[in-house]
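Undergrad: Fold the stuff below for me.
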Amino acid sequence: MVVIFDNRERAYKGWLGTYQKGFVLNVLRSRNPTFVGLHRASCLHIAEHNGPAPFTGQNYIKICHDAANALTTWAENYVGPVTRYCEDCNPPRVGHDLSFINIDPDRSDFFRPRRYRSTPLKQRKRAKTKRQFAFETLLKRIAAARKSRYIPTSFRTLDGECHLDFGALGHAVENGVVAAFDSNVIPNFVRLLKDFADDARAEVKRNERKGMISTRPGQTAFSEAIRQNYEGRCAITGCEVEQALEAAHIRVQKGVDINEPGNGILLRADIHALFDAHLFTFSPDGRHVQICRSLAGGTYDDLKNANIRRPICDPPSMENRTQHRKHFKLRMVCRR
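TA: Numbers count the residues shown, from 1 in each chain. Just a heads-up that it's a prediction; the model follows:
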């Protein structure tokens, strides 16, 4: 269990005596992510001093645990990645496993042995090669899987530790993907810049949504049936990109999915989101689109009165269309 000592000097020293083989994070009270130090519990820097200032008072607090990896995880979630490892007590530098995103560092061109060091970074032109694009996509995948814009540069492998290719990281800095860092030392973490981190967060949300869909009972069979009925094309836009299409439920009951072909329609992902939010619905005859005022004149204005393709069988039932129109009208009334 992670223990936080804030103005608890006696309790902190008692913990050090009990867990002599444990580890301590030294963190600024302001939680400034630029100063996060890891020590062993036996380190003199966090156990003894000559001055009157307390260890857990004034500017610093201590976070303790008997496992180093638990503290590095806590730091990433609440402050920022560990920025300093004590050179005197030499705590372990925790490697990060890549198995959660199905990447094998031993077979990847973007990883190097831990002992490898590159020459200092020099000013480079913006690299737009396929390899660099793949490397930056890899960074986004790691950030999305970790749900953090901080990406560790070292990872555990079957043969020991390895780290991200230093030259590719340098190009990522020049391309505005990664924040600049000291070119003479490979950092423990690199930080994605905001725009690229936003892309990673969007990917996390997409993956979470896909996970929710895949765990709903009967969803897979329902999705396949709707795709076949609409011949793999969005009923409104005609989009044929399989990865962009989703089977939408027309009528939704709380806690129950009505997975009948007459209760589904194949829509592009962004159109599906608008449909679920009741920003548009069916016309009374079910052949055209009726949009709300908030969509008129904007990006989706071309949906107004757009034709809705009929499936080869099991078209949306009158009952389900009427239910969706009812929710659409109720939303229009509530926003007046």
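
Undergrad: Outline the domain layout of the protein.
TA: Partitioning the chain according to automatic domain parsing yields domains covering residues 3-85, 99-200, 216-334.

Undergrad: first vs last residue of the shortest one, how far apart are they?
TA: Chord length of domain 3-85, first to last residue, is 20 Å (CA to CA, to the nearest Å).

Undergrad: likewise stretch 32-46?
TA: Between the start and the finish of stretch 32-46 there is a gap of 19 Å, counting by CA to CA.

Undergrad: Now do it: distance to the chain's middle.
TA: The chain centroid and the centroid of stretch 32-46 are separated by 28 Å under CA atoms, centre = their mean, to the nearest Å.

Undergrad: Please list the residues outside it that contact it.
TA: When contacts are taken as CB atoms under 8 Å, 6 or more residues apart in numbering, the neighbours of stretch 32-46 outside the stretch itself are 15-16, 19-28, 47, 55, 62, 64, 68, 71-72, 75, 79-86, 88-91. Yep, even glycine has a C-beta here, placed from its N, CA and C like the rest.

Undergrad: again with stretch 272-283
TA: Applying CB under 8 Å, 6+ apart, the external contacts of stretch 272-283 come out as 246, 248, 265, 267, 288-292, 294-295, 300, 303, 305, 308, 316, 321, 324-325, 327-328, 330-331.

Undergrad: In helices only, show me those.
TA: 321, 324-325, 327-328, 330-331 (DSSP state H).

Undergrad: Now a ChimeraX select for only the buried ones of the residues you listed.
TA: Selecting just the buried residues from the ones in helices among the contacts of stretch 272-283 in ChimeraX takes one command, with 16 or more other CB atoms under 10 Å as the test:
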select :321,324,325,328
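
Undergrad: which one is P311 nearest to, not counting chain neighbours?
TA: Distances taken as CB to CB, 6 or more residues apart in numbering put N229 closest to P311, at 3.7 Å, once the chain neighbours are dropped.

Undergrad: F189 touches Y150, doesn't it?
TA: Yes. Counting by CB atoms under 8 Å, F189 touches Y150, with 4.6 Å between them.

Undergrad: counting contacts, what elements does the helix or strand where S223 lies pack onto?
TA: Element membership of S223, judged by DSSP states H and E, is helix 219-229. Using 3 or more CB pairs under 8 Å, 6 or more residues apart in numbering; DSSP states H and E as the contact criterion, the elements in contact with helix 219-229 are helix 194-215, strand 245-249, strand 264-268.

Undergrad: tell me the average confidence for it?
TA: Mean per-residue pLDDT for helix 219-229: 87.

Undergrad: Show me which residues of that helix are buried.
TA: Buried residues in helix 219-229, counted by 16+ other CB under 10 Å: 219, 222-223, 225-227, 229.

Undergrad: Next secondary structure element downstream of the helix or strand containing H163?
TA: With the criterion set as DSSP H and E, the secondary-structure element containing H163 is strand 160-164. Towards the C-terminus, the helix or strand next in line after strand 160-164, according to DSSP H and E, is helix 166-174.

Undergrad: what kind of secondary structure is I271 in?
TA: helix (DSSP: H, G, I helix; E, B strand; the rest coil).

Undergrad: Check the gap between A47 and F55 for me.
TA: In this structure, A47 lies at 8 Å from F55, with CB to CB, to the nearest Å as the measure.
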